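[1] Can you look at this prediction? I've put the sequence above it.
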Amino acid sequence: AAMVKETIRVYARVKPLGRRQQAGSYSVDNEEPLPSLEITVPRDLADGFINNKRESYKFKFQKIFDQEAKQDVIFDSIAKPVAECVLAGYNGTIFAYGQTGSGKTFTITGGAERYSDRGIIPRTLSYIFDQLQKDSSKVYTTHVSYLEIYNECGYDLLDPRHEASRMEDLPKVTIMEDSDQNIHLKNLSLQQATNEEEALNLLFLGDTNRMIAETPMNQASSRSHCIFTIHISSKEPGSATVRRSKLHLVDLAGSERVAKTGIGGHLLTEAKYINLSLHYLEQVIIALAEKNRSHIPYRNSLMTSVLRDSLGGNCMTTMISTLAMDKRNIDESISTCRFAQRVALIKNEAVLNEEIDPRLMIVQLRKEIQDLKDELALVTGKQRTSELSQEELLQLDELIDTFLKDNDPESSLDVGADMRKIKYCFVHMKQVINHPMTSGQKLLSQDISEEKNSNEEVEKLKGLLQQRDNEINILVTMLKKEKKKARDALSQLNGTSAGSTVLEQSPSMSLEESQSPSRSFSLKEEKDFSSSVPRLPLLSRATGGKMSLGCQEAFEVFKRDHADSITIEDNKQLLKQRFDEAKCLGEKLNEVRNKITRLKGKIIQRRIQRAALAVSNPSEELTFDPVEENLRMQIEELKKSYKTVCSRFKGLKVEIEHLQLLMEKVKMKLQKDFEVWWSEEAKKFQQEKPEMVTSPNTAAVYPQFIRSSQHLSPNSSSDTSRDSLYEDPAVKNNSITFGNPTLKTRTPPSSSISIPLTGDSQADADILAFIKARQNILQKKGKSCQ
Ligand code: ADP
Ligand code: MG
């Protein structure tokens with residue numbers, strides 16, 4: 001609250017002298033920095049006052065209003081500033097202090113004869129209502145109360161029962177103090193005055209009641225205090241803040257001291273108040289003037305209690321010292337001025353009276369909430385429930401997820417002007433920060449309960465862990481399978497193909513070898529092998545040469561250790577014999593064929609000779625030629641011989657073909673057996689030491705395979721060059737027709753199994769030459785037969 005710190009303003013007003021009154025000696029100086037009133041007391045006037053020895057007294061006042069000062073000036077100078085403060089929300093008190101007849105009532109209430117004699121109360125009421133009417137920014141409520149205090153008893157001057165009852169029979173106004181030490185006055189009515197007229201009527205009512213109560217006997221007007229209070233409350237429209245202020249206009253009891261002469265003729269040594277209330281008022285004012293005084297004796301009198309919040313603390317306090325300056329009252333005036341000097345020392349802290357009316361606040365807040373809700377509904381187009389729906393939560397989760405994954409630093413998360421959504425986002429973010437592992441999980445599934453939250457968290461983590469475990473197991477199994485597949489594929493490749501010289505140099509193959517289960521086996525047998533046959537060049541060439549060095553070595557050892565190899569060798573020898581025999585027969589056939597050709601030529605020559613003889617000797621034209629007949633007989637004999645040889649050759653050919661098939665079968669079986677053995681070995685190794693098996697890089701193996709295949713292709717083309725090399729023009733032109741047409745189809749150029757094995761390159765070449773020649777013969781025979 002705003003505070004105004006200032007001393008109590010103390011003014012002086014000098015009552016006009018009556019016609020027969022002798023003026024006392026005083027002077028007023030309002031020009032000095034602080035106006036002063038100087039009172040000169042003649043020595044001879046002492047008249048029993050032993051303390052009145054000084055000749056002149058100088059008192060300082062806020063302002064001194066001399067006898068001619070009119071009511072309007074008094075109001076404007078003294079009351080108006082206070083009234084303005086009250087209108088601004090501060091409490092204010094103006095009280096008139098002085099001896100009886102000094103003009104207190106005239107100053108506060110005014111004279112009854114002339115309108116211009118109106119005192120502070122009617123002028124203040126007029127001024128206040130005028131101001132309230134001018135200000136439409138606030139809502140004002142005005143009440144008045146009129147309290148009379150007589151013999152420490154409070155009376156409500158606005159109580160209508162005053163007219164019919166004696167003052168003593170009226171209910172007493174009493175002080176009630178609540179737990180917050182706020183003063184409440186019981187039986188004091190607060191009459192609402194909505195305008196100046198109503199308020200003035202109330203003032204008139206109170207003054208009338210005051211007069212009725214006054215009798216010449218009780219001298220109520222001089223011994224009682226009257227407090228007219230204007231209560232103003234104000235608030236701005238729509239605001240819950242209520243400002244309350246009050247202005248006490250106090251007409252105090254006469255300040256004259258107890259009898260100037262002592263009881264029983266004794267002189268009084270110190271001044272005594274007729275009214276105890278004034279004594280306590282002075283005590284309070286003195287206490288307020290003292291620094292560091294914690295206890296102020298407000299409770300000592302009803303008046304100080306009533307004026308508690310309007311004297312020392314929260315108020316603008318003004319005192320008008322009314323002075324009667326005639327010679328008989330000058331000493332009382334001096335006493336009044338002394339009191340005024342004490343009051344002037346008080347420094348008050350005026351505090352703006354603002355308080356919150358809780359009921360008003362609640363009503364106002366409720367209305368504000370409803371207004372905002374309505375506004376929101378108008379803007380968003382939908383009514384909002386207190387909880388976010390499942391759908392909304394899911395949408396939010398998606399928004400947050402998208403936002404978190406967005407790498408754009410400019411990206412923003414816009415959930416609209418909905419505090420529930422914004423709050424949810426913060427909660428979600430908090431969870432993401434605190435539990436990054438489960439940040440992907442939906443917050444939606446989480447409950448408000450923290451404990452439940454963490455339990456769910458643990459369960460989720462467990463589930464996730466199990467899932468990952470399973471995945472790893474599957475991956476390991478897959479890896480094993482893949483490894484096995486690769487290994488099997490490798491084994492198959494190696495098993496179905498013979499090793500080539502290219503592969504022997506391959507580093508990746510060396511690696512594969514070192515990891516392969518056959519390594520130790522290969523190494524063990526390596527020396528034996530290297531000392532043996534130089535790696536079956538024919539076999540390797542025929543089988544495509546795709547076997548790795550290790551595998552080839554394994555195959556050789558495998559072949560040697562198996563019983564079938566003996567059969568192969570036997571068949572080899574037999575085949576060689578048959579080829580030799582066939583070779584001899586072939587030569588013999590050629591010889592017979594040539595003889596027949598020569599004999600045919602002789603017959604033709606003989607016939608030409610015979611024809612020439614017939615021309616020269618026509619008589620011998622039809623005679624039989626025995627020479628020709630002999631030649632024919634020779635040819636017939638040769639033909640028989642040729643047929644026999646041919647028949648024998650044909651038998652040989654069948655036998656050779658059979659032997660070749662046998663050889664092929666044996667070799668195929670051997671390779672198959674080897675493959676089985678190889679894969680079984682691989683499997684065994686895998687089962688025994690799965691952790692030792694590193695997956696062979698198939699990508700590294702296969703390129704080697706491809707390269708070796710390409711490398712081998714020129715070898716296969718060399719067969720064709722050999723074909724031309726062994727081509728025999730004599731055989732080519734031969735007209736002899738025999739042979740098995742199936743042989744032609746059974747010997748494709750790329751065949752890898754048609755060549756018998758001898759281990760001797762020269763013999764092999766011979767066999768090839770024979771086969772080729774025979775093929776040619778058979779082809780020609782087939783053509784001539786058609
Ligand atoms: P008090 O209330 O202090 O006992 P009053 O206000 O009743 O004294 O004044 C006593 C008489 O003096 C009244 O008749 C009043 O009209 C008159 N009076 C007081 N002050 C003035 C003044 N300033 N101008 C004219 N008359 C005054
Ligand atoms: Mg009076």
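    Yes, it's here. Ligands and ions are numbered 1, 2, ... in the order given.
[2] Now do the same contact list for residue 203.
    Applying Cβ atoms under 8 Å, 6 or more residues apart in numbering to residue 203 gives the contacts 109, 121-122, 125, 144, 146, 228. Using the backbone N, CA and C atoms, a C-beta is placed for each residue, glycine as well.
[3] Now, the residues you listed that are in strands?
    Among the contacts of residue 203, the members falling in strands are 144, 146, 228 (criterion: DSSP state E).
[4] about what we covered before: which among the contacts of residue 203 gets closest to ligand 1?
    residue 109 (7.8 Å; Cβ to the nearest ligand atom).
[5] if we can go back for a sec, now render the contacts of residue 203 as a markdown table, adding distance to ligand 2.
    Converted to a markdown table, the contacts of residue 203 look like this (distance: Cβ to the ion, whole Å):
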| residue | distance to ligand 2 |
| --- | --- |
| 109 | 8 |
| 121 | 13 |
| 122 | 16 |
| 125 | 19 |
| 144 | 19 |
| 146 | 14 |
| 228 | 13 |
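[6] Turn the residues you listed into CSV, including distance to residue 289, neighbour count and pLDDT.
    Shown next, in CSV, are those (distance: Cβ to Cβ, whole Å; neighbours: other Cβ atoms under 10 Å; pLDDT from 0 to 100):
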residue, distance to residue 289, neighbour count, pLDDT
109, 29, 24, 94
121, 28, 28, 96
122, 32, 21, 94
125, 31, 27, 96
144, 31, 26, 97
146, 29, 25, 96
228, 26, 28, 97
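[7] Put together JSON lines for those residues, with distance to ligand 1 on each row.
    Formatted as JSON lines, the contacts of residue 203 follow (distance: Cβ to the nearest ligand atom, whole Å):
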{"residue": "109", "distance to ligand 1": "8"}
{"residue": "121", "distance to ligand 1": "13"}
{"residue": "122", "distance to ligand 1": "14"}
{"residue": "125", "distance to ligand 1": "19"}
{"residue": "144", "distance to ligand 1": "20"}
{"residue": "146", "distance to ligand 1": "16"}
{"residue": "228", "distance to ligand 1": "14"}
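[8] those strands in the stretch 301-450 of the chain, which residues are they?
    316-324, 347-351, 354-356 (DSSP state E, counting those that start in this stretch).
[9] ranking those by mean pLDDT, which is last?
    Note on those: strand 347-351 shows the lowest mean pLDDT, a mean of 59.
[10] Report the residue ranges of every domain in the protein.
    3-43+51-219+226-352, 358-383, 555-681 (the TED database).
[11] tell me the most buried of those domains?
    domain 3-43+51-219+226-352 (a mean of 18; mean count of other Cβ atoms under 10 Å).
[12] Might you enumerate the residues of the stretch 101-250 of the chain proximal to ligand 1?
    101-106, 111, 222 (Cβ under 6 Å from any ligand atom).
[13] so which of those comes closest to residue 427?
    Checking these against residue 427 by Cβ to Cβ gives residue 104 as the nearest, at 71.5 Å.
[14] Show the pLDDT at that closest one.
    The model's pLDDT for residue 104 equals 95.
[15] Just the helices from the stretch 251-400 of the chain, written as ranges.
    276-289, 302-306, 330-344, 358-380, 390-405 (DSSP state H, counting those that start in this stretch).
[16] Help me confirm that residue 131 is found in a helix?
    Yes - under DSSP: H, G, I helix; E, B strand; the rest coil, residue 131 sits within a helix.
[17] separation between the closest residue to it other than its chain neighbours and residue 147?
    Of all residues not flanking residue 131 in the chain, residue 87 sits nearest, at 5.5 Å (Cβ to Cβ, 6 or more residues apart in numbering). According to Cβ to Cβ, to the nearest Å, residue 87 and residue 147 sit 22 Å apart.
[18] Pick out the residue in the stretch 1-150 of the chain sitting closest to ligand 2.
    In the stretch 1-150 of the chain, the residue found nearest to ligand 2 is residue 105; the distance is 3.1 Å by Cβ to the ion.
[19] unless I'm mixing things up, that residue is touching residue 253, no?
    No - using Cβ atoms under 8 Å, residue 105 makes no contact with residue 253, being 11.0 Å away.
[20] and for stretch 275-286, what are the contacting residues?
    With Cβ under 8 Å, 6+ apart, stretch 275-286 has contacts from 8, 149, 152, 223, 225, 252-255, 273, 296-298, 300-304, 307, 311-312, 339, 342-343, 346.
[21] rerun at 7 Å
    149, 152, 223, 225, 252-253, 255, 273, 296-298, 300-301, 303-304, 311, 339, 342-343, 346 (Cβ atoms under 7 Å, 6 or more residues apart in numbering).
[22] re earlier: let me have the helices of the stretch 251-400 of the chain in CSV, extended by mean pLDDT and distance to ligand 2.
    Below are the helices of the stretch 251-400 of the chain laid out as CSV (pLDDT from 0 to 100; distance: least, Cβ to the ion, whole Å):
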stretch, mean pLDDT, distance to ligand 2
helix 276-289, 81, 14
helix 302-306, 89, 15
helix 330-344, 88, 14
helix 358-380, 74, 41
helix 390-405, 85, 77
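[23] In a markdown table, list those helices along with distance to residue 57.
    Output for the helices of the stretch 251-400 of the chain, formatted as a markdown table (distance: least, Cβ to Cβ, whole Å):
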| stretch | distance to residue 57 |
| --- | --- |
| helix 276-289 | 18 |
| helix 302-306 | 27 |
| helix 330-344 | 6 |
| helix 358-380 | 54 |
| helix 390-405 | 85 |
